[in-house]
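>>> Fold the following, please.
(chains A and B)
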Amino acid sequence: MAFPTVSQRFQRMDEGRFGLLLMAPTIIILTVFLVGPILYAIWMSLNSMDLTISPDADFVGVQNYVQLVDDPAVQDAVPRTLYFAGLTVVFSTAMALLLALVLNESFRGRKWVRVFILLPWAVAPVVNGVLWRYMFHPQYGLINAALYALGLIKEYRVWLDNAAVSLAIASVASTWKALPFLALILLAALQSIPESLYRAAKMDGAGAWSRFRFVVLPHLRGILIFVVLLQIIVSLQAFDLIYTLTRGGPGTDTVVLNYLVYVNAFERLNLGNAAAMGILLALFIVGLSGLSLAFAVSRRR
Amino acid sequence: MKLRKLFVVCADMTRSFSALFRPGVLYALVALFLIWTVTPVVWVGIMSVQPEINYVAVPPHLRLQDVSLRWYSDMLAQADFADALKNSVIIATLTMVFCLFFGSLAAYPLSRLRLAGKRLFLFASVVMRMLPAIVLIIPMFLLIRLLGLRDTHLGLVIVYTTFLLPFSIWMLKNFFDQVPYSLEAAARMDGCSRLGALWRVLLPAVAPGVVATAVFAFIGAWNEFLFGLILSTSVATPVTVKISALVSSTFHTDTSLVAAAGMLAILPVVVLVIVLNRYIVRGLVEGVKY
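Numbering: from 1, shown residues only, chains lettered A, B, ... in the order given. From the prediction side, this is the model:
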C-alpha cells in the first residue's frame, strides 16, 4: 500500500483539524508575541520594579495600582487626557460628518477631491507631529505668518507654550489625520440610506435641514456613536504625535496618560508602576472597544 | 470579471440623493476641506525647497528663483538617513508579505470552515487590535532581546506582523465572506484541493481586497514609531525614528533639511494613496465591518 502523500493527507483531514492547521502559524505568532507579553505585563504590574532602586523584581500585589491613585503625575495627566480626548472627539466627529455630507453630494471633480482628502490618513503620526509643529512654529510657522499678514497679530507668538493651547493643537493635528477615515465610514453609511426615504421626505416638502435632521441623522446614530468611541480610544493611545509635536512639554504640560506610561518606564525607570498604568489604560480601552463593537453589531441588525 | 466590477462600483460610492447644500455653499465647503487637507503638507513642502532664511523672515519672502531640491539630495546623501529609508522599505515589505501569507491562511478557515472557537478568535482579535501598544513595550523589548533580535530587521518585522496580523485577517475574512460558495464548489468539483481553491479561486476573486490588505499592512509598518524607537539602536532604525531624532536634535540642523526628510518619509505612502486610492477606500470601509 502506498504511503499517503502530504496533499492526500490534507484532503482526508476533517474540516476542524484542517482549519486549525492553517491557523496554527497565526496562533503561534499571536501567543508568543502578543499573549505572552500581555501576561508578562500583568505580572510586572504586580511587582515592584523600580530600576532606580534595584534591578530585581519584588512581588507586591496590587500596590502599584493603589499608588497610582496618589501619584501627582497621574492626577495631572487625567484631566489633560480628558481635555485632549474631548476636544478631539468634538472636532473630528463634527468635521467628519460635514465632510461626509459634502462628499455625498455630486459636484465637479468629486473623484479627485476624494483622492486628495485621503492623504492625511497615510501620513505617519510622527510626521503629523512635525507638520503641525512647523505650522505653529514661533519663527517660521504658517499660522503666525498668515495671522501677521492679516493684521490679526502684531508680532509672531509662541503657540506651544501652554497646556491648553498645546493640547488643542495636538487635537487639531489628531483630527487632521483621523478625518479621512471617519468621513469615509460615515459616507459609506450615508450611501446606504435608501433613495425612497429622500424622495418621501421631499414629497412631504421637507427642506434640507429637516431632511438632515429626520432622514440622515437617525440613520447615522449608531455609526456616530461608533465614531465617538473610536476617537476616544485613539486619543487615549496618542503617543507618536505628542512625541514629535511637544515632547510632553512645555514642562510636563502635554503629558497625557499614554505618554506618561512611556515616561514612567523609560525616564523614571519605574517599570512596575508603568505596567500597572498601562494595564489599567488597556482595560479601559478594551471596555470601550467592547462597547463600540456592541454598537457596530446592533447597527447591522 | 463580474465580481471585480462589483467591487469597483461599490468603492466609487457615488450614489447621491440628498442634495443638502446649495451649490455655492457646497463648493465653498469643498474648497475649505481641500485647503485644510493639503496646507500642512504644502507648507512643509515649501520649507523643503527654500533656504531657511526665506521663511524665517517676517513676513516670509518665498522666492521662486530660490527653489531648489538640494536639501533632498543632501538628505539622501546622508548615509544614516538613506539607510533608515532602506530599512523602512525592507521592514514594511516583509511585514506586508507575512501579513498576507499568514493572514490569508487564517482568514480562509475563519470564513469557510466549521471551526470551534471561531467567534472567540475573531472577537479576541478585534480587542487586541485596540490594545495600546505601550503596555507591551517592555515585555516585547525583553522578549526580542532574549531572542537576540534587537536592532535587526527581523525583530521589527516580527513585532509589526504581530500587531498587523489580526487586522489583516479580519479584512481578508470580510472580503472572503463576499465570495459565493458556488465558485469554490465548482473548483472543488474539478478536482481542486481546498488549498488549491484558496489559491486559485478565492484569492484571485478578492484581488482588490488583497491589494487593500497589502497596502494597509505596508503603511502600518512604514508609519510605526514606538517599537522602532525602543527595539532599534542604529542598524535597523526605521525612517520614523530617524525623523523624530532629526526634529528634536539639540544641534541646529538646517530646518529645510528636516522638512525635506519629512517629505521623503511620506512620499512612498502618498504615492500609494494616489495610485491605489479606490482599493484603500474600499478596504477602509470593509475593515470596520463586523
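>>> Neighbours of the nearest residue to B:Val179 once chain neighbours are set aside, how many?
Computed as Cβ to Cβ, 6 or more residues apart in numbering or on different chains, the closest residue to B:Val179 that is not its neighbour in sequence is B:Ala205, at 4.8 Å. For the C-beta atoms, the positions are set from N, CA and C on the backbone; glycine is no exception. As a burial measure, the neighbour count of B:Ala205 was computed by other Cβ atoms under 10 Å in any protein chain shown and equals 21.
>>> Could you do A:Glu155 as well?
Other residues within reach of A:Glu155, judged by other Cβ under 10 Å, total 7.
>>> Next up, the contacts around it.
Taking Cβ atoms under 8 Å, 6 or more residues apart in numbering or on different chains as the definition of contact, the neighbours of A:Glu155 are A:148, B:58.
>>> State whether it is indeed within a helix.
No - assessed by DSSP: H, G, I helix; E, B strand; the rest coil, A:Glu155 does not belong to a helix; its assignment is coil.
>>> Tell me the backbone dihedrals of it, please.
Note on A:Glu155: backbone dihedrals following degrees, to the nearest 10 are phi -140, psi 160.
>>> Would you quantify the distance from it to B:Leu264?
In this structure, A:Glu155 and B:Leu264 are separated by 33 Å, where distance is defined by Cβ to Cβ, to the nearest Å.
>>> Leaving out sequence neighbours, find the closest residue to B:Ala107.
Of all residues not flanking B:Ala107 in the chain, B:Leu172 sits nearest, at 3.7 Å (Cβ to Cβ, 6+ apart).
>>> OK, contacts around the one you found?
Shown here is B:Leu172, whose contacts under the criterion Cβ under 8 Å, 6+ apart are B:103-104, B:107, B:111, B:206, B:209-210, B:213.
>>> try it again with 10 Å
Residues in contact with B:Leu172 (Cβ atoms under 10 Å, 6 or more residues apart in numbering or on different chains) are B:99-100, B:103-108, B:110-111, B:202-203, B:206, B:209-210, B:212-213, B:286.
>>> which intervals of the stretch 1-150 of chain B have sub-threshold pLDDT?
Per-residue confidence for the stretch 1-150 of chain B (pLDDT under 70) gives these ranges: B:1-18, B:129.
>>> can you rerun that using 80?
Applying pLDDT under 80 to the stretch 1-150 of chain B flags residues B:1-19, B:116, B:123, B:125-131.
>>> What are the boundaries of the helices in it?
B:2-12, B:23-47, B:52-56, B:70-77, B:79-112, B:118-130, B:137-146 (DSSP state H, counting those that start in this stretch).
>>> Output those as JSON lines; include the columns mean neighbour count and distance to B:Phe167.
Converted to JSON lines, the helices of the stretch 1-150 of chain B look like this (neighbours: other Cβ atoms under 10 Å in any protein chain shown; distance: least, Cβ to Cβ, whole Å):
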{"stretch": "helix B:2-12", "mean neighbour count": "14", "distance to B:Phe167": "19"}
{"stretch": "helix B:23-47", "mean neighbour count": "17", "distance to B:Phe167": "25"}
{"stretch": "helix B:52-56", "mean neighbour count": "17", "distance to B:Phe167": "39"}
{"stretch": "helix B:70-77", "mean neighbour count": "16", "distance to B:Phe167": "32"}
{"stretch": "helix B:79-112", "mean neighbour count": "21", "distance to B:Phe167": "8"}
{"stretch": "helix B:118-130", "mean neighbour count": "16", "distance to B:Phe167": "5"}
{"stretch": "helix B:137-146", "mean neighbour count": "19", "distance to B:Phe167": "18"}
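>>> Now render the ones you listed as JSON lines, adding distance to A:Ala85.
Output for the helices of the stretch 1-150 of chain B, formatted as JSON lines (distance: least, Cβ to Cβ, whole Å):
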{"stretch": "helix B:2-12", "distance to A:Ala85": "32"}
{"stretch": "helix B:23-47", "distance to A:Ala85": "21"}
{"stretch": "helix B:52-56", "distance to A:Ala85": "33"}
{"stretch": "helix B:70-77", "distance to A:Ala85": "36"}
{"stretch": "helix B:79-112", "distance to A:Ala85": "29"}
{"stretch": "helix B:118-130", "distance to A:Ala85": "15"}
{"stretch": "helix B:137-146", "distance to A:Ala85": "21"}
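>>> the helices in the stretch 151-290 of chain B, which residues?
With DSSP H, counting those that start in this stretch as the criterion, the stretch 151-290 of chain B has helices spanning B:153-177, B:181-189, B:194-197, B:203-205, B:207-223, B:226-231, B:239-247, B:255-275, B:277-287.
>>> quick one, what contacts the spatially most central residue of chain B?
Taking Cα atoms, centre = their mean, the centroid of chain B lies closest to B:Ile219, which sits 1.6 Å from it. B:Ile219 is in contact with A:121-124, B:92, B:96, B:164, B:268-269, B:272-273, B:280, counting by Cβ under 10 Å, 6+ apart.
>>> redo that, cut-off 6 Å
The contact partners of B:Ile219, taken as Cβ atoms under 6 Å, 6 or more residues apart in numbering or on different chains, are A:122, B:269.
>>> again, but for A:Leu131
Applying Cβ under 6 Å, 6+ apart, we find A:Leu131 in contact with B:40, B:44.
>>> Give me the distance between it and B:Thr253.
A:Leu131 sits 17 Å away from B:Thr253 when distances are taken as Cβ to Cβ.
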